[in-house]
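>>> return a 3D structure for these sequence lines:
(2 chains)
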Number of protein chains: 2
Amino acid sequence: MKGNVIVGQSGGPTAVINSSLAGVYKTAIDRGAAKVYGMRYGIQGFLDEQYVDLSKHIKSDMDIELLKRTPSAYLGSCRYKLPEIHEDKAIYEKIFEILNRLEIECFIYIGGNDSMDTIKKLSDYAIITGQSQKFVGVPKTIDNDLALTDHTPGYGSAAKYIGTSTKEIIRDGMGLSYKKVLITVIEIMGRNAGWLTGASALSVGEDCDGPDLIYLPEIPFDIDKFMEKIRNLIKKKNNVVVAVSEGIKLKDGRYVSELSGNAEYVDAFGHKQLTGSATYLCNLISSEIGCKTRSVEFSSLQRSASHLASRVDINEAFMVGGAAVKAADEGDTGKMVVIDRVSDDPYQCATGIYDVHKIANDEKLVPREWITRDGTYITEDFLNYVRPLIQGDYAPFMVNGIPRHLYFPKK
Amino acid sequence: MKGNVIVGQSGGPTAVINSSLAGVYKTAIDRGAAKVYGMRYGIQGFLDEQYVDLSKHIKSDMDIELLKRTPSAYLGSCRYKLPEIHEDKAIYEKIFEILNRLEIECFIYIGGNDSMDTIKKLSDYAIITGQSQKFVGVPKTIDNDLALTDHTPGYGSAAKYIGTSTKEIIRDGMGLSYKKVLITVIEIMGRNAGWLTGASALSVGEDCDGPDLIYLPEIPFDIDKFMEKIRNLIKKKNNVVVAVSEGIKLKDGRYVSELSGNAEYVDAFGHKQLTGSATYLCNLISSEIGCKTRSVEFSSLQRSASHLASRVDINEAFMVGGAAVKAADEGDTGKMVVIDRVSDDPYQCATGIYDVHKIANDEKLVPREWITRDGTYITEDFLNYVRPLIQGDYAPFMVNGIPRHLYFPKK
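Predicted coordinates:
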């Protein structure tokens, strides 16, 4: 391949975003790239001339394997939206000045919808100004809400963590509910799409009944009906476990998490912080029914738990990274790699490629028919879709009893 | 061995309490017990004639291995304190009527301080009334606050989970803090003893700086000094992570988690809401400094995460279970098995035995000299103590991508 490669990471962390980075790096080297650069903190850091020669940090096959086992963005991430080209040409001139100086031919960006917007604008600018660089995106998000791709790297590992932890929490409650009711409400990420919350049903098996109720954000949440369900459940069993999305909303559009009247507070990305649905529902149950409740939030743990990553997910993340380099090297630009499911049983998938100009900013929601009629559980179709994505383990390299990660040495 | 054996579990769950159960069962069978019974829900369920023939549920070596990988109390647990013998003789008569009917010679109870009280009272009653049964206790608690034993089964696995998850959360924040401050406060179990919160420092290594501050409940928490530490830290770094015990208290004895009750945190029903220590501190930092914060609670996850159990812990839990049966079979009664550390380096330990009558209800706290002078971190001595306890893995048996547990079939 001619020229150098640069790769960046953007948006929220996942357990496998670095496996995509490893796939980009390994494939670029294998295809003969002279240099592979990594942007620190995505395009935002790049604009501050923050980049590294990756061969100085990934020095061996062992380092590649360590990188695949390292959660969150190894290079650092950002949430930075490029202006429209006509709004601020100077910023594009600066980016291309650096790209040309570094003799970059392939620009790979690993991220979600916002990152694909970056790919689109940079590839447009290159074409308009007659420059040769190719721009290809690699999808990534635990939320699994990107359209066009069967699923998104990062989702499988988060789903595996959620299924496993839900099962452990159910077990925890089983031991504690002799002659007394214990209601646990688990709060799971996903502000608009219920893919992660639905994954709590992966806990179902011969050895576990799974959660009793599952509420996705796709279906308006009815507090009265919820309370009626709870009242009926505790007539039959003592250990009741409910999984709710952080994003469940009432019919009138208000988030359940807003009802507690807690001061609104905004997260690191400027999104309204939604934690609190589970706490709110626990308080409601305690005060109306008077039984013991507890809320469990899987919080950032669910997107960073590389110690429980899915092997399918790690391998697919690596594969889409490599496919992006191959596509750019073969002349594709303004494209995103996607995953196509070739077969359900046995599960097989392959990479495809999609024009980023055609990506609408649609969020892929859980189909209505994969949610039960009364909106309180997911169906077998949902489980058949997600189960292949959580298969296999990718054992961490343990040092002193704790998983080892790849790191940047301090200066 | 003559006669039958009965075993029960009591108190809060751990990831390895069932490994002790497996050790009791296997050792009893190996020593020739005709029958091994399990109490459902400890002594409380036993009083309701809730017991099972364990050989009907643990049918093979494979089941024993599954049991060792199953979190929370397989038999169910209780929190039930027996009355003093002179207060209610009838309850003792009932217990011994069942024990005699089942031809029990060895009674093994796995639990914390309260469970040892049960062992004491039952062994006293047997001696007073001239009955032959032997009563031996097996220690268990994630809190590691039992005196007399070097450490407690359950602690090592919880510590491994806390070290690993803290490291993943630190990594999560690293990717998200370019040109902006993100402060994470992690809340860890331990009402009075800081063993679990201190374990967050297990994340420290070449590849991780660990938390910036660690606050144990042993040291009075000074909010002004804490805020000063935070203000100084954010001058130097963007990704600040603090580990606090759920039980941190002010000098005047109030829990930090109580403080929010004094503020305007009132739920929809006008009830004062007691948010956690971490949430309180996050809100305080947000409002006083204005930077992004997030609280992460390890909640029940930290005591039930058998998917990340420590091999040393699982094996020691099994060993103390077995040692209890051996002691009872050899005539000991009114005793608890303890773990003695024979050597630090290489780590070696052996079981000992202790008279439950001599157990004072002392909680074993983290020694003052294992906490730094200013009370905001733990020392190398603390780490040297805990590191051997988190070594080695005990891979779950994965079925359909999720850990399998041993279960009671539904009737």
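
>>> so what would you say the end-to-end distance of stretch A:288-308 is?
With Cα to Cα, to the nearest Å applied, stretch A:288-308 spans 38 Å between its terminal residues.

>>> and that stretch, is it in reach of chain B?
Yes - applying Cβ under 8 Å from any Cβ of the partner chain, one finds stretch A:288-308 in contact with chain B at A:294, A:296-301, A:303-308. Any C-beta I mention is one placed from the backbone N, CA and C, and that applies to glycine too.

>>> just checking, residue A:204 touches residue A:210?
Yes - Residue A:204 is within contact range of residue A:210, at 3.5 Å (criterion: Cβ atoms under 8 Å).

>>> highest neighbour count among the residues of stretch A:288-308 next to chain B?
Per-residue neighbour counts (other Cβ atoms under 10 Å in any protein chain shown) across the residues of stretch A:288-308 next to chain B peak at residue A:306, which has 29 neighbours.

>>> and the strand or helix carrying residue A:97, what's its mean pLDDT?
Element membership of residue A:97 [criterion: DSSP states H and E] is helix A:89-101. Averaged over helix A:89-101, pLDDT sits at 98.

>>> now do the buried residues in it.
A:91-92, A:95-96, A:98-99 (16 or more other Cβ atoms under 10 Å in any protein chain shown).

>>> list the helices and strands it packs on?
Contacting helix A:89-101 under the criterion 3 or more Cβ pairs under 8 Å, 6 or more residues apart in numbering or on different chains; DSSP states H and E are the following elements: helix A:42-47, helix A:113-128.

>>> after that helix comes which helix or strand?
For helix A:89-101, the succeeding helix or strand toward the C-terminus, using DSSP H and E, is strand A:104-111.

>>> what about that following strand, near chain B?
No - using Cβ under 8 Å from any Cβ, strand A:104-111 stays clear of chain B, with a minimum separation of 11.7 Å.

>>> how far does that strand sit from its chain's centre?
Computed by Cα atoms, centre = their mean, to the nearest Å, the chain-centroid distance of strand A:104-111 equals 19 Å.

>>> can I get that strand as PDB, trimmed to CA atoms?
Coordinates of the C-alpha atoms in strand A:104-111 are reproduced here as PDB (Å, rounded to 0.1, in the frame of the first residue of the first chain):
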ATOM      1  CA  ILE A 104      -1.400  10.000   5.000                       C
ATOM      2  CA  GLU A 105      -3.300   8.100   2.300                       C
ATOM      3  CA  CYS A 106      -5.800   6.200   4.500                       C
ATOM      4  CA  PHE A 107      -7.800   7.800   7.300                       C
ATOM      5  CA  ILE A 108      -9.700   5.400   9.500                       C
ATOM      6  CA  TYR A 109     -12.200   6.600  12.100                       C
ATOM      7  CA  ILE A 110     -13.800   4.200  14.600                       C
ATOM      8  CA  GLY A 111     -17.000   5.500  16.100                       C
END
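
>>> in chain A, where is pLDDT below threshold?
Where chain A drops to pLDDT under 70, the residues are A:260-275, A:411.

>>> now do the contacts for the most centrally placed residue in it.
In chain A, the C-alpha nearest the mean C-alpha coordinate belongs to residue A:142, at 1.6 Å (Cα atoms, centre = their mean). Applying Cβ atoms under 8 Å, 6 or more residues apart in numbering or on different chains to residue A:142 gives the contacts A:12, A:14-15, A:152, A:154-155, A:157-158, A:189, A:196, A:302-303.

>>> those: which two are farthest apart?
The span of the contacts of residue A:142, defined through Cβ to Cβ, is set by A:152 and A:302 at 14.6 Å.

>>> quick one: the strands in chain A, in order.
Assigned by DSSP state E, the strands in chain A fall at A:4-9, A:36-39, A:51-53, A:104-111, A:134-139, A:182-188, A:213-215, A:239-245, A:292-297, A:335-344, A:347-355, A:398-399, A:402-403.

>>> what pairs with the longest one, parallel or antiparallel?
Strand partners for strand A:335-344, identified by DSSP bridges, are recorded as strand A:134-139 (parallel), strand A:347-355 (antiparallel).

>>> and residue A:335, bridged to which residues?
According to DSSP bridges, the residues that bridge with residue A:335 are residue A:136, residue A:355.

>>> residues from the stretch 1-150 of chain A in reach of chain B?
Going by Cβ under 8 Å from any Cβ, the residues of the stretch 1-150 of chain A near chain B are A:9, A:12-13, A:40-41, A:44-45, A:70-74, A:76-78.

>>> ok, so of those residues, who is nearest residue A:19?
Nearest member of these to residue A:19, counting by Cβ to Cβ, is residue A:70, at 8.9 Å.

>>> distance of the closest residue to residue A:326 other than its chain neighbours from residue A:319?
Nearest residue to residue A:326, sequence neighbours excluded (Cβ to Cβ, 6 or more residues apart in numbering or on different chains): residue A:27, at 6.4 Å. For residue A:27, the distance to residue A:319 (Cβ to Cβ, to the nearest Å) stands at 9 Å.

>>> between the two, which one's more packed in?
A count of neighbours by other Cβ under 10 Å puts residue A:27 above the other of residue A:27 and residue A:319, at 23 against 20.

>>> mind checking if stretch A:192-204 is in reach of chain B?
Yes - Stretch A:192-204 comes into contact with chain B (Cβ under 8 Å from any Cβ), by way of A:202-203.

>>> from the middle of its chain, how far away would that stretch be?
On Cα atoms, centre = their mean, the centre of stretch A:192-204 falls 13 Å from that of its chain.

>>> next: stretch A:199-215.
21 Å.

>>> with stretch A:299-313 instead?
Distance, stretch centre to chain centre, for stretch A:299-313: 10 Å (Cα atoms, centre = their mean).
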